[in-house]
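Q: Pasting a predicted model and its sequence here:
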Amino acid sequence: MTLLHVLFCMNIVYLFLNCIAVSTMTAIKHALQRDIFTPNDERLLGIVNVCKAGKKKKNCFLCATVTTEKPVQVKVVKVKKSDKGDFYKRQQTWELRDLTEVDAKDASKENPEFDLHFEKVYKWVASSTAEKNSFISCIWKLNQRYLRKKLEFVNVSSQLLEESVPSGESQSVAGGDEDALDDYQELSAREEQDIEGMMVSCEYAISNAEAFAEKLSKELQVLDGANIQSIMASEKQVNILMQLLDEALSEVDTIEGKLSSYEEMLQSVKEQMDQISQSNLLIQISNTNNSKLLDEIQFLVNNLDLSKGHIRALQEGDLMSPKGIEACINASEALLQCMNVALRPGHDKLLAVKQQQLLFAELRDTFARRLTNHLNNVFVHQGHDQSSTLSQNTAELTLPKHSPLHRDLLRYAKLMEWLKNTHREKYEGLSRTYVDYMSRLYEREIKDFFEVAKTKMAGTTKEAKGKFATLPRKESALKQETESLHGSSGKLTGSTSSLNKLTVQTSNSRRSQSSSLLDMGNMSASDLDVADRTKFDKIFEQVLSELEPLCLAEQDFISKFFKLQQHQTVSPPLAQPEAEESDGGIPSRQPPQTEHRQSFSSEKDLVRLMMNKIFQSIETELNSLIALGDKIDSFNSLYMLVKMSHHVWTAENVDPASFLSTTLGNVLVTVKRNFDKCISGQIRQMEEVKISKKSKVGILAFVVGFEDFAELAETIFRNAERRGDLDKAYVKLIRAVFVNVEKVASESQKTPRDVVMMENFHHIFSTLSRLKISCLDTERREAKHKYTDHLQSYVINSLGQPLEKLNHFFEGVEARVAQGVREEEVSYQLAFNKQELRKVIKEYPGKEVKKGLDNLYKKVDKHLCEEESLLQVVWHSMQDEFIRQYKHFEDLIGRCYPGSSITMEFTIQDMLEYFSSIAQSH
């Protein structure tokens, strides 16, 4: 038997003995870990086979486990094998933190018993002392690692607690520390076959393991001896082997020497290769630097090179011809692009770059100076141009068109944008120059334009001179207006002082009205009135229609020419701030230094302020024109309110913040104020009305005037935007009419109060019903009610008691009945018996009744006026009232004097004939 065969047999024996001792517990441990603890995310670290002390042995297992998830929980689990199958089940679990004491019973002797103190004491007996010690050691380590609580270990040797679990059986059984878990190793196929062959050769290998192990031990001893003898016999071979080893070592030394020489040769080659690599790196760096240098040169040449053609255009290009302007635009854009190139770090230190930048700056200044001088000359020439003014031709009410100038100047818009970006000072200087000279031009044109408008208005007034001759107040007002505004052309040339003085006078004293409700009533809305107002309306509309496109065109040109569309923060020193109006209405100008310090939030504000400076005279001239129109005829404020409101609404739809919208809005405030003053003046004149004490009143002049005013206003305000203002004025006027009608009626001496109220409120009701003014529906109903009430009152008062004695008689009868006397017993009263009734009735025969009615008709005809034609209405109402009284008397006779056969001397048919014949006879 060879030595290898002997060693192999010995290993097989030891392996088999170990398998017998460990295989059972290891298999159980793996089964528990797989079936019970892995599904619950737990790890089995210690196990002991136990049974309860003092009882019938029913084996179970105590297992020490930890959870795989944090926080780690340490548990002691009791596991029992099922009686009905080959599987295990968890029976009871304790938390290790609930364990207070571990009692090993005896520390000096081997004793398998031990106690665990949880909520009560559990006594156990282990299958072996080694398993018990291994389990107690595992409990101690788990406590030290995870809990560190004060846990009492009684009758446990300190060596067991301090040292690791010994190797061998206890370690394999209990499991030791969690980091040294046992791994079960399966037998190879060769080992399995050898063990099977050995067990087959021994019949009792399975039935009697101890005998089989003893047999194997004896064979192992025999093999050990044979092995020793074999070793002793092979000493010579060992010596030969040692000699061979020495020779091998010398060969190794030789090989090492050769390898050293090879290494020196390779080191030399490496150094040469390093030098070559360094040279290649320097060449690569040089190429890279050359490429970058070429890129920088190309960048500078491409971005900082300005062609000779562009330079020539900037220095001496023609700024008059379209081609020259186009060349200058292209050259200026190329120059701006070169100057705005973002240079890379270090470029600004290059001499060539500095020289090129100096050249660009010189070209910029030269071209900016040329462009500024040229545009300045254009602005100055246009500002002094007299050919476009209206002074030479005043026949047409039109403003000169500036579209040719705008069209010519817009060719320079891109150059102005370039100037704005490069030379802010020159750009702002040009802006100031344009504003200054254009404001002079527009001031002349607008002043001449308004002179023509005022002349045409004055011509309208002169044509109507015959009409105003009958009205002294109107004539004097017109004469004063004509003399102060249009009597001398020299007073209005270049100045508006006379207009401003007139404004002060009208604001400090009560303005004389050229038209009023009284005048309208007196004139009866003549054709001449209508023609004058219509002509004034056309003139005012023409003025607004000419101003609106002029302002819009100029604002559009300023935005495009000065490139002010974008919203940026700029600080222009050219437009003066909003001026506060002085007492005379002249804007108080602020010093130029204040203009230069203004800061505006957007370029839109700058456009509006430039427009304010250019057209600073528009608002003043419009206010003067409005004052003139108001002086000529205060009802012109109605036309102006409608027209101005429409133009303001149109301007706000285009741009609510534009100059035109703001200016017209300010003027609209003045027009609305004049309109309110007109209404207040009419009310004041109503309050000052005096009536004649010798003539009858009739329809009051301001009542007819209100009718004419309403007809005129309805015509003017049809589909107007400011209908609400008229409705408010209607309410004020109609309330004033009501109050003053009652006042006049109370003061009337010639005409009864009821007649004045009845006639005038009937006229008001008829007017409101015809015009159908919705906001005055309440007043229309009130007028009807007042008319009806006063008609009834007048009829009763005028009719009086035509059957006076009979009326007194029946009043006494009604008094007795009211005192409690029965109606059929009234005839037994001495003063009201049948004889007294017959006596009273005989005093009123039909002839006397007709005579009294005829006198009454003449009296009513004397009271009523012819204009309103209410005589028949009143006479018919008196007839109804007389019949009502007659029927009332007949009813009292029938109830209080039944069966007396007493009747009136005349019948209802007789009364109808009396009333009809009297009305026809007159």
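A: That came through fine. Numbers count the residues shown, from 1 in each chain.
Q: now the stretch 251-400 of the chain, which segments are flagged as low pLDDT?
A: Within the stretch 251-400 of the chain, the ranges that satisfy pLDDT under 70 run 385-395.
Q: Mind giving me the packing neighbours of the helix or strand hosting residue 894?
A: According to DSSP states H and E, residue 894 maps onto helix 871-896. For helix 871-896, the elements it packs on are helix 777-799, helix 804-819, helix 846-863, helix 908-921, judged by 3 or more Cβ pairs under 8 Å, 6 or more residues apart in numbering; DSSP states H and E. From N, CA and C alone the C-beta is placed, and that goes for glycine too.
Q: Mind checking the pLDDT average for the last one?
A: Model confidence over helix 908-921, given as mean pLDDT, is 77.
Q: cool, the third one as well?
A: For helix 846-863, the per-residue pLDDT values average out at 75.
Q: Other residues contacting that helix?
A: Residues from elsewhere that reach helix 846-863, judged by Cβ atoms under 8 Å, 6 or more residues apart in numbering: 696, 751-752, 755, 798-799, 802-803, 871, 874-875, 878, 882, 905-906, 910-911, 914-915, 917-919, 922.
Q: Can you pull up the most central residue in the chain?
A: For the chain, the residue sitting closest to the mean C-alpha position, by Cα atoms, centre = their mean, is residue 656 at 18.7 Å.
Q: quick check, that residue in a helix?
A: No: read with DSSP: H, G, I helix; E, B strand; the rest coil, residue 656 is coil and lies in no helix.
Q: Just confirm residue 871 contacts residue 878, I think it does.
A: No: the pair residue 871 / residue 878 is not scored as a contact, 10.6 Å apart, by Cβ atoms under 8 Å.
Q: For those two, indicate the residue with more neighbours.
A: Between residue 871 and residue 878, counting by other Cβ atoms under 10 Å, residue 878 is the more crowded of the two (21 against 17).
Q: thinking that one is in contact with residue 797, fair?
A: No: taking contacts as Cβ under 8 Å, residue 878 lies outside contact range of residue 797: 10.8 Å.
Q: re earlier: would you mind giving the helices and strands packed on helix 871-896 as a markdown table with mean neighbour count and distance to residue 107 added?
A: Below are the helices and strands packed on helix 871-896 laid out as a markdown table (neighbours: other Cβ atoms under 10 Å; distance: least, Cβ to Cβ, whole Å):
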| stretch | mean neighbour count | distance to residue 107 |
| --- | --- | --- |
| helix 777-799 | 17 | 119 |
| helix 804-819 | 14 | 138 |
| helix 846-863 | 15 | 148 |
| helix 908-921 | 14 | 150 |
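Q: so residue 616 sits right up against residue 436, yeah?
A: No: using Cβ under 8 Å, residue 616 is not in contact with residue 436; the gap is 11.5 Å.
Q: Show me which of these two is the more surrounded one.
A: residue 616 (18 against 15).
Q: Would you list the phi and psi of that one?
A: Backbone geometry at residue 616, expressed as degrees, to the nearest 10, gives phi -70, psi -20.
Q: cool, and residue 376?
A: With angles defined as degrees, to the nearest 10, residue 376 sits at phi -60, psi -40.
Q: check contacts around it.
A: Counted by Cβ under 8 Å, 6+ apart, residue 376 has contacts 430, 433.
Q: With residue 626 instead?
A: Applying Cβ under 8 Å, 6+ apart, the residues near residue 626 are 637, 640, 667, 670, 671, 674.
Q: helices and strands around the longest strand belonging to the chain, which ones?
A: Longest strand in the chain, counting residues (DSSP state E): strand 42-52. Applying 3+ Cβ pairs under 8 Å, 6+ apart, we find strand 42-52 packed against helix 3-32, strand 60-67, strand 121-126, helix 129-142, helix 169-174.
Q: Let's see that with 6 Å instead.
A: Helices and strands touching strand 42-52, as assessed by 3 or more Cβ pairs under 6 Å, 6 or more residues apart in numbering; DSSP states H and E, comprise strand 60-67, strand 121-126, helix 129-142.
Q: List the buried residues in that strand.
A: Within strand 42-52, the residues that count as buried by 16 or more other Cβ atoms under 10 Å are 42, 44, 45, 46, 47, 48, 49, 50, 51.
Q: Now do the fourth one against residue 32, distance only.
A: Right, the one you point to is residue 46. Using Cβ to Cβ, to the nearest Å, residue 46 is found at 11 Å from residue 32.
Q: Spatially, which residue comes closest to residue 639, not counting chain neighbours?
A: Spatial nearest neighbour of residue 639, excluding adjacent residues (Cβ to Cβ, 6 or more residues apart in numbering): residue 537 at 4.4 Å.
Q: Phi and psi next, for residue 37.
A: phi -90, psi -40.
Q: Verify the stated contact: it with residue 47.
A: No: applying Cβ atoms under 6 Å as the test, residue 37 and residue 47 come out as separate, 10.6 Å apart.
Q: So for the residue nearest to the centre of the chain, what's the pLDDT?
A: On the pLDDT scale, residue 656 gets 79.
Q: Spit out the contact partners of it.
A: Under the criterion of Cβ atoms under 6 Å, 6 or more residues apart in numbering, the contact list for residue 656 is empty.
Q: next one: the helix or strand harbouring residue 607 to chain centre, how far?
A: Element membership for residue 607 (DSSP H and E) is helix 603-614. Helix 603-614 has its average C-alpha position 28 Å from the chain's average C-alpha position, going by Cα atoms, centre = their mean, to the nearest Å.
Q: which helices and strands does it pack with?
A: Packed against helix 603-614, as judged by 3+ Cβ pairs under 6 Å, 6+ apart, are the following elements: helix 424-463, helix 527-561.
Q: tilt between that helix and helix 424-463?
A: Counting by axes from the mean of the first three to the mean of the last three Cα atoms, to 10 degrees, helix 603-614 lies at 50 degrees to helix 424-463.
Q: And the next helix or strand past helix 603-614?
A: Sequence order places helix 618-632 as the next helix or strand after helix 603-614, per DSSP H and E.
Q: Extract the CA atoms of that next one and return them as PDB.
A: Taking Å, rounded to 0.1, in the frame of the first residue of the first chain, the C-alpha atoms of helix 618-632 are listed here in PDB:
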ATOM      1  CA  ILE A 618     -53.200 123.000 -29.300                       C
ATOM      2  CA  GLU A 619     -54.900 122.800 -25.900                       C
ATOM      3  CA  THR A 620     -54.800 126.600 -25.400                       C
ATOM      4  CA  GLU A 621     -56.200 127.300 -28.900                       C
ATOM      5  CA  LEU A 622     -58.900 124.700 -28.500                       C
ATOM      6  CA  ASN A 623     -59.900 126.200 -25.100                       C
ATOM      7  CA  SER A 624     -60.000 129.600 -26.800                       C
ATOM      8  CA  LEU A 625     -62.200 128.300 -29.600                       C
ATOM      9  CA  ILE A 626     -64.500 126.600 -27.100                       C
ATOM     10  CA  ALA A 627     -64.800 129.900 -25.200                       C
ATOM     11  CA  LEU A 628     -65.700 131.700 -28.400                       C
ATOM     12  CA  GLY A 629     -68.300 129.100 -29.300                       C
ATOM     13  CA  ASP A 630     -69.700 129.300 -25.800                       C
ATOM     14  CA  LYS A 631     -69.900 133.100 -26.000                       C
ATOM     15  CA  ILE A 632     -71.600 133.000 -29.300                       C
END
